[in-house]
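>>> With the input below, show me the fold.
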Amino acid sequence: MGDRAERRIAANWYLRSRTKDRKGLSRLPGEPVMRKAFRSGFRGRTGDWVKSSVVGLLLFSVVASSVAGAGTLLFCIVILAWALFPLLVGTRDALEAGCIFMLVSLGVVIVVGLAHHGLGALTP
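Coordinates of the predicted model:
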């Protein structure tokens with residue numbers, strides 16, 4: 001009977017010794033709090049509007065540089081987009097957003113190339 005009571009006391013102590021971090025997740029008192037390595041400065045509805053505007057401007061500039069035939073400018077825009085995505089979507093989603101942006105940019109370049117040169121550009 002004494003061993004059972006000791007285990008119950010130890011379990012109660014363990015449960016009471018756990019604390020809550022800012023997100024409400026319980027953790028041990030000495031355990032570090034996991035935080036994002038880099039946080040975006042844009043928050044709320046205004047932040048969403050700013051993020052959407054920046055991505056829209058990047059996509060518009062990709063289309064404009066493709067139509068103008070400025071390959072160097074297109075390259076600079078893609079590099080700028082990769083540099084801005086950690087600020088816009090956070091470090092965890094930057095790779096995914098960058099890959100989607102690259103696929104959209106590739107589609108724009110192909111469509112603009114077809115519009116300029118016709119279907120003959122696809123055949124060797």
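
>>> domains of the chain?
1-35, 44-121 (automatic domain parsing).

>>> quick one, which of these is packed in tightest?
Stretch with highest mean neighbour count among the domains of the chain: domain 44-121 (a mean of 14; mean count of other C-beta atoms under 10 Å). All C-beta atoms are positioned from the backbone trio N, CA, C, and that covers glycine.

>>> dump the residue contacts of Leu84.
Listed by C-beta atoms under 8 Å, 6 or more residues apart in numbering, the contact set of Leu84 reads Val54, Leu58.

>>> Same question for Gly71.
By C-beta under 8 Å, 6+ apart, the contact list for Gly71 reads Ser65.

>>> ranking the domains of the chain by mean pLDDT, which is last?
Lowest mean pLDDT within the domains of the chain: domain 1-35, a mean of 58.

>>> Ser65 touches Val78, doesn't it?
No - the criterion here is C-beta atoms under 8 Å, and Ser65 misses it with Val78 at 9.6 Å.

>>> ok, which stretches of the chain are helices?
With DSSP state H as the criterion, the chain has helices at 2-17, 44-68, 71-89, 94-117.

>>> how about the ones you listed, which one is nearest Thr123?
The closest of the helices of the chain to Thr123 is helix 94-117. By C-beta to C-beta, the value is 10.7 Å.
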